[in-house]
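Student: Below: sequence and its predicted model.
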Amino acid sequence: MSVSVLSPTRLLGSASGLLQVASLLALVLLLLKAAQLYLHRQWLLKAVREFPSPPSHWLFGHKQEFQKDQELQQFQKWVEKFPCACPRWLWGSSVSFMVYDPDYMKVVLGRSVASRSLSLPNSSIARSFLSDPKHHGCYRLLAPWIVIFLIPSPLPPPTPFCGPGYGLLLLNGQTWFQHRRMLTPAFHYDILKPYVGLMADSVRVMLDKWEELISQDSHLEIFEHISLMTLDTIMKCAFSQQSSIQMDRKSQFQSYIKAIEVLKNLYYSRVRNFFYQNDIIYSLTPDGLWNKRACQLAHQHTALNCAWEPLFWYRPSDQTEKAHLQDEEDLERVRRKRKLDFLDILLFARMKNGSSLSDKDLRAEVDTFMFGGHDTTASGISWILYALASHPEHQQRCRKEIQSLLGDGASITWDQLDQMPYTTMCIKEALRLYPPAPIVSRELSKPITFPDGRSLPRGILVSLNIYALHHNPKVWPNPEVFDPSRFAPGSDSHSHAFLPFSGGSRNCIGQNFAMKELKVAVALTLLRFELAADPLRVPIPISKIVLTSKNGIHLLLRKLL
Ligand code: HEM
C-alpha cells in the first residue's frame with residue numbers, strides 16, 4: 001500500500017466527496033418526498049372540493065382553528081356553519097373528513113364493500129357484513145396496546161389489520177368476520193344475565209369506599225374510582241377474577257389504570273403531530289419511550305392477572321383436556337360445571353369448529369376486552385352521574401323510580417333493569433350529550449355518494465364524529481339542554497341520530513353488557529348518595545379515544561339516610 005493513499009489530505013478529500021454525494025442523495029430524496037406530498041395534497045383538495053370548510057394553512061392545516069383541548073367545542077361551531085360534513089385539515093397533506101349528519105352516517109355505516117372475489121365462509125352473508133376498514137393511520141397507533149407480543153420492535157405493523165393477533169376492534173376483512181362470529185355468543189342474554197350480581201358487587205365496593213372518603217370531605221373526583229370499578233367488573237365477568245381488585249393493596253391495578261391514562265394522552269398528542277407519524281422517529285422521542293413503557297405495563301397486567309390461569313387450564317397443548325373438550329358431551333359437562341365467562345367462550349369457540357383462535361389471537365382479544373370493556377363504561381358512568389348531579393330534578397325522579405323498584409337495593413336482577421324507563425331515558429340523554437366514544441374512523445375502500453349527491457373517492461379518511469352528531473342542532477334542537485324526554489317511548493328520531501355504540505355491522509359488540517352496567521351503577525349510586533355538581537370545578541369534555549374531562553369530574557356527595 002502506498003503512503004499517499006493513507007495521507008490525511010487524501011482521506012479528507014474522499015470523506016468530503018462521500019459527504020457531498022450523501023448530501024446530494026438526501027436532497028433528491030427530500031425533493032421527491034416534497035413532490036409526493038404536494039401531489040397528494042392536490043389530489044385531496046380535488047377530492048373534498050364539494051365540501052366547504054374554514055380556510056386552512058397549506059402546512060399547518062386547521063391547527064389555528066383548534067385551540068388546544070377545545071376541539072369538541074370547535075366542532076360544534078363547524079356543525080352549525082357547514083351542513084352534514086366538513087373536511088378538517090390536520091396538516092398539509094392529511095385531511096380528516098368529519099361527518100355529523102344522520103343520513104351521511106347511515107350511508108357510511110350501512111354500506112358493504114366486500115369484493116366478489118373475496119373468499120369467505122358463507123360468502124354472501126359475510127360479504128354483506130364487510131364495511132369500510134378502520135382507518136389504518138388512526139387505529140394503527142392503538143395496535144401496540146393490543147399486539148405488543150407480536151411487535152416488540154418499533155417497526156410498523158403490517159397493513160391492513162387482517163392477520164392474526166389484532167383483536168376485534170382493530171381487525172378488518174375476513175378475519176374480523178370470523179372473530180365477530182366466534183365472539184358474539186359471549187354476549188348472549190343467557191351469558192350476561194348472571195353478570196348483574198357481579199356488577200352490583202363491584203359498584204357496592206366502590207360506594208363503600210366513597211362513604212368512607214366523604215366522611216372527611218364531601219368533594220370527590222369520580223373518574224378514577226369509577227375506572228377501577230369498571231375494571232373490577234370486567235375482570236370478574238370476562239375472566240372470572242374472584243376477589244375485588246378495588247381492594248388490592250399493592251395497587252397494581254391502579255398502575256394499569258395509570259398506564260391506560262398515559263397511553264391515551266400520548267395517543268392524543270401523537271395523532272396531531274406530523275413528525276410523530278413515523279414509527280421509527282416516534283420510538284426515539286421521549287414520548288415514544290413512554291409509550292413503549294406504558295404498553296409493557298398494560299400487557300404485564302393482562303398477562304399476570306386476567307387470562308392465563310384459565311387459559312392454561314384449557315390449553316390444547318394439554319392433550320388430556322383437549323381430548324375431552326373435543327367431545328361434544330364433555331364440552332357440555334364443563335359448560336355446566338362453572339359459570340361461563342368471556343374467556344371460556346373464546347376457548348370453546350376454538351375447540352368447537354376446528355378454526356381455532358391462535359394464542360396470539362386470544363391474547364389480542366383479551367387485551368381488547370380489557371380496554372374496550374372498562375374505559376368506555378367508566379366514561380359513560382362518570383358523565384351520567386355528572387349530568388344527574390347537574391340536574392337535581394331529574395336525579396330525584398330517577399331515585400324515586402329506583403326506590404320503588406329496588407327498595408334499599410340489597411338485591412338487583414336482570415329483569416328489574418328493564419323496568420326503569422325514566423332512568424333509562426336519563427342515561428340515554430347523558431350518552432347523547434357525552435358519548436363515551438366520541439369519534440370513530442373509516443377509510444373509504446371504494447367511492448361513496450351521499451344522499452345529497454356529493455361524493456368522495458376511495459382512500460379518504462372519514463371520521464364519524466358521534467359527538468358532533470349528538471350536538472347537531474338540526475338533529476337535536478337545543479342540543480346543549482339536558483332533556484330526557486327526547487328519549488320518551490314513541491318519540492320519533494332518525495335511526496342514525498343517536499349512535500353512542502356506533503352502528504352497522506361494526507357496532508359495539510358489548511353494548512348490552514355496557515347498558516346493564518350503566519344501569520346498575522346509576523341505580524345503586526342514587527340509592528346511596530345525593531349528588532351535586534361542584535360549581536368551582538366544571539368538567540371540560542375532551543376526546544382522548546374515550547370522552548374524558550381535562551380537569552376531572554368533580555362531584556359533591558351527601559350520604560342518604
Ligand atoms: C358505554 C360503553 C361503551 C361504549 C359507548 C362503546 C362504544 C363503542 C363504539 C362506538 C364502537 C365502534 C368502534 C369503532 O368503530 O372503531 C365499539 C366497538 C367495540 N366495543 Fe364497545 N363500547 C362500550 C362498551 C363496551 C364493552 C363493555 C365491551 C366489551 C365487554 C366493548 C367491546 C367492544 C369491541 C370488542 C368493539 C369492536 C367491535 C367490532 O369492531 O366488531 N365495548 N364500542
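Tutor: Perfect, thanks for sending it. Predicted model only: the values in this text are computed from it and were never measured.
Student: Now that we're looking at the residue of the stretch 451-561 of the chain found nearest the ligand, what pLDDT does it have?
Tutor: Residue nearest to the ligand within the stretch 451-561 of the chain: Gly510 (2.3 Å; Cβ to the nearest ligand atom). Every residue, glycine included, has its C-beta placed from N, CA and C. Looking at Gly510, its pLDDT is 95.
Student: residue contacts, it?
Tutor: By Cβ atoms under 8 Å, 6 or more residues apart in numbering, Gly510 lies in contact with Phe187, Phe369, Gly372, Gly373.
Student: what's the nearest residue to the second one if we skip its chain neighbours?
Tutor: Which is Phe369. Of all residues not flanking Phe369 in the chain, Ala238 sits nearest, at 5.5 Å (Cβ to Cβ, 6 or more residues apart in numbering).
Student: Ok, the third one next?
Tutor: Leaving aside its chain neighbours, Gly372 sits nearest to Leu169 (5.8 Å; criterion: Cβ to Cβ, 6+ apart).
Student: OK, contacts around the closest residue to Asp101 other than its chain neighbours?
Tutor: What sits nearest to Asp101 in space, not counting adjacent residues and going by Cβ to Cβ, 6+ apart, is Cys84, at 3.8 Å. Listed by Cβ under 8 Å, 6+ apart, the contact partners of Cys84 are Val99, Tyr100, Asp101, Asp103, Tyr104, Phe450, Asp452.
Student: For those residues, I'd like a selection string for PyMOL - just the buried members, please.
Tutor: Restricted to buried positions by 16 or more other Cβ atoms under 10 Å, the PyMOL selection for the contacts of Cys84 reads:
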select buried, resi 99+100+101+104+450
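Student: Which of the contacts of Cys84 fall within strands?
Tutor: Val99 (DSSP state E).
Student: ok, Pro435 touching Pro500?
Tutor: Yes - between Pro435 and Pro500 there is a contact at 4.7 Å, judged by Cβ atoms under 8 Å.
Student: Need the overlap of contacts for these two.
Tutor: Joint contacts of Pro435 and Pro500 (Cβ under 8 Å, 6+ apart) are Ile466, His470.
Student: With neighbour numbers in mind, choose between these two.
Tutor: Ranked by neighbour count (other Cβ atoms under 10 Å), Pro435 and Pro500 place Pro435 first, with 29 against 23.
Student: Just say helix, strand or coil for the more buried one.
Tutor: Following DSSP: H, G, I helix; E, B strand; the rest coil, the label given to Pro435 is coil.
Student: And Leu142, how far from Ser441?
Tutor: 11 Å (Cβ to Cβ, to the nearest Å).
Student: Repeat that for Leu343.
Tutor: 29 Å.
Student: who's more crowded, these two?
Tutor: Leu343 (24 against 19).
Student: Past the one helix or strand that one maps to, which element shows up next along the chain?
Tutor: Using DSSP states H and E, Leu343 maps to helix 342-352. Using DSSP H and E, the helix or strand that follows helix 342-352 in sequence is helix 359-372.
Student: now the angle from that next one to helix 342-352?
Tutor: Calculated by axes from the mean of the first three to the mean of the last three Cα atoms, to 10 degrees, helix 359-372 forms an angle of 150 degrees with helix 342-352.
Student: what's the spacing between helix 359-372 and its chain's center?
Tutor: Centroid separation for helix 359-372 versus its chain: 13 Å, with Cα atoms, centre = their mean, to the nearest Å.
Student: Show me what the helix or strand where Val462 lies is in contact with.
Tutor: Applying DSSP H and E as the criterion places Val462 in strand 461-465. Residues from elsewhere that reach strand 461-465 (Cβ under 8 Å, 6+ apart): 75, 88, 94-100, 105, 108-109, 132, 135, 137-138, 438-444, 456, 499, 502.
Student: Could you identify which of the contacts of Gly510 has the most neighbours?
Tutor: Phe369 (28 neighbours).
Student: quick revisit: so what's the residue nearest to Phe369 up against?
Tutor: Cys306, Asp341, Phe342, Leu343, Phe369, Met370, Gly373.
Student: Name the SS class of it, please.
Tutor: Ala238 ends up helix, using three-state DSSP.
Student: So it versus Asp341, what's the distance?
Tutor: 6 Å.
Student: between the two, what contacts are shared?
Tutor: By Cβ under 8 Å, 6+ apart, no residue touches both Ala238 and Asp341.
Student: Surely Ser549 and Ile542 touch.
Tutor: Yes - the criterion here is Cβ under 8 Å, and Ser549 meets it with Ile542 at 6.6 Å.
Student: neighbour count winner among these two?
Tutor: Ser549 (21 against 18).
Student: can you pull the contacts of that one?
Tutor: Phe223, Ser382, Pro539, Ile540, Pro541, Ile542.
Student: cool, and Ile281?
Tutor: Phe275, Gly288.
Student: Secondary structure class of it, three-state.
Tutor: Assignment for Ile281 (three-state DSSP): helix.
Student: Can you tell me which helix or strand of the chain has the lowest average pLDDT?
Tutor: The weakest-scoring helix or strand in the chain, judged by mean pLDDT, DSSP states H and E, is helix 319-326 (a mean of 42).
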